[in-house]
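A.B. asks: Quick one, structure for this:
(one chain, ligands or ions: 1)
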Amino acid sequence: MNPRINPSILAADFVNMQADLARIATADFAHVDVMDNHFVPNLTFGPQMVERIQATSPIPLDVHLMITDPDRWAPGYAELGAASVTFHLEAAADPVALARRLRSIGSRAGVAVKPGTAGDALYEILDEFDQILVMTVEPGFGGQSFMPEMMPKLRALREEATRRGSDVWLQVDGGISEATIAQAAEAGADTFVAGSAVYGADDIAAAVTGLRQRARAASLEG
Ligand SMILES: O=C(CO)[C@H](O)[C@H](O)COP(=O)(O)O
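C.D. replies: This is a model prediction of the structure:
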């Protein structure tokens, strides 16, 4: 497994975004949290800002939409050129139609599930997605504690993907650090979002490398 490390720019300095994007150039994707203060009780930014981030980022964008009515808004983020667009299963009226639309625009289609949402709702529609995001905190804020109780859901999704011969990426987001990443890797995650653990480090490139190494070692053992 070649783990992907996606720093969450929720932990970046919003008024020095260009510099903070440059600091994560050795990572795989910049994870961009779009929050609308409806689906989650926090507000970040919308398409105008994401368009500028897309133009400025040295690495592709992994957009995570924590918004209501993604059926209406998600395609616009794919049209901006985001490499992946992930919407929440809980918010989408027609997840399959939306995933197909995102793929038709040229973006990877992702679906996210909150901690209280079961993963098995996705089994029958796994092939419609390029990545599944298992939230390991309640979405809305950075700096929260990792929820190890999400690992059975992640493990079951990995087993189901393997059983179906699916190459879907399994992503985790929330509380990922050097102390927690191994658990998620052992349970089957291959893509790791980390905000505080990356932007809070003195040496960001070393933090990205450290997370990658830990995930790779754990996935080999797991
Ligand atoms: O989606 C998110 C919050 O909803 C963030 O991406 C996530 O919380 C990352 O922050 P940290 O690594 O500090 O937990």
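A.B. asks: residues contacting residue 12?
C.D. replies: 20-21, 199 (CB atoms under 8 Å, 6 or more residues apart in numbering). (Each C-beta comes from the backbone N, C-alpha and C, glycine too.)
A.B. asks: pLDDT averaged over the helix ranked longest in the chain, what's the number?
C.D. replies: Looking across the chain with DSSP state H, the single longest helix is helix 204-221. Across helix 204-221, the average pLDDT comes to 94.
A.B. asks: Show me how far it is from its chain's centre.
C.D. replies: Centre-to-centre, helix 204-221 and its host chain are 17 Å apart (CA atoms, centre = their mean, to the nearest Å).
A.B. asks: Check stretch 58-69 too.
C.D. replies: 8 Å.
A.B. asks: any idea how far residue 166 is from residue 154?
C.D. replies: In this view, residue 166 and residue 154 are 14 Å apart by CB to CB, to the nearest Å.
A.B. asks: same question, residue 173
C.D. replies: 11 Å.
A.B. asks: quick one: common contacting residues for the two?
C.D. replies: When contacts are counted by CB under 8 Å, 6+ apart, residue 173 and residue 154 have residue 134 as shared neighbours.
A.B. asks: higher neighbour count, these two?
C.D. replies: Using other CB atoms under 10 Å as the criterion, residue 173 and residue 154 rank with residue 173 on top: 28 against 23.
A.B. asks: By proximity to the ligand, which residue of this protein wins?
C.D. replies: residue 195 (2.9 Å; CB to the nearest ligand atom).
A.B. asks: Tabulate the CA atom coordinates of the lowest-mean-pLDDT helix or strand in the chain in CSV.
C.D. replies: Across the helices and strands of the chain, mean confidence by mean pLDDT, DSSP states H and E is lowest for helix 204-221: a mean of 94. The C-alpha trace of helix 204-221 is given here as CSV (Å, rounded to 0.1, in the frame of the first residue of the first chain):
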residue,chain,number,x,y,z
ILE,A,204,5.7,20.0,7.7
ALA,A,205,7.5,17.9,5.1
ALA,A,206,8.9,15.7,7.9
ALA,A,207,5.4,15.4,9.4
VAL,A,208,4.0,14.2,6.0
THR,A,209,6.8,11.7,5.6
GLY,A,210,6.4,10.4,9.1
LEU,A,211,2.6,9.9,8.7
ARG,A,212,3.2,8.1,5.4
GLN,A,213,5.9,5.8,6.9
ARG,A,214,3.7,4.9,9.9
ALA,A,215,0.7,4.1,7.7
ARG,A,216,2.8,2.0,5.3
ALA,A,217,4.4,0.0,8.2
ALA,A,218,1.0,-0.6,9.8
SER,A,219,-0.7,-1.7,6.6
LEU,A,220,2.0,-4.3,6.0
GLU,A,221,1.6,-5.6,9.5
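A.B. asks: Tell me which other helices or strands the longest helix of the chain touches.
C.D. replies: strand 4-7, helix 181-186, strand 191-194, helix 196-199 (3 or more CB pairs under 8 Å, 6 or more residues apart in numbering; DSSP states H and E).
A.B. asks: what's it in contact with?
C.D. replies: With CB under 8 Å, 6+ apart as the criterion, helix 204-221 contacts 1-3, 5, 7, 23-24, 26-27, 176-178, 181-186, 189-190, 192, 194, 197-198, 201.
A.B. asks: what about residue 42, how many residues close to it?
C.D. replies: Residue 42: 15 surrounding residues under other CB under 10 Å.
A.B. asks: Low-confidence stretches in this protein?
C.D. replies: 221-222 (pLDDT under 70).
A.B. asks: near the ligand, which residues of it?
C.D. replies: Residues of the chain found near the ligand (CB under 6 Å from any ligand atom) are 8, 10-11, 31, 33, 64, 137, 139-144, 173-176, 193-197.
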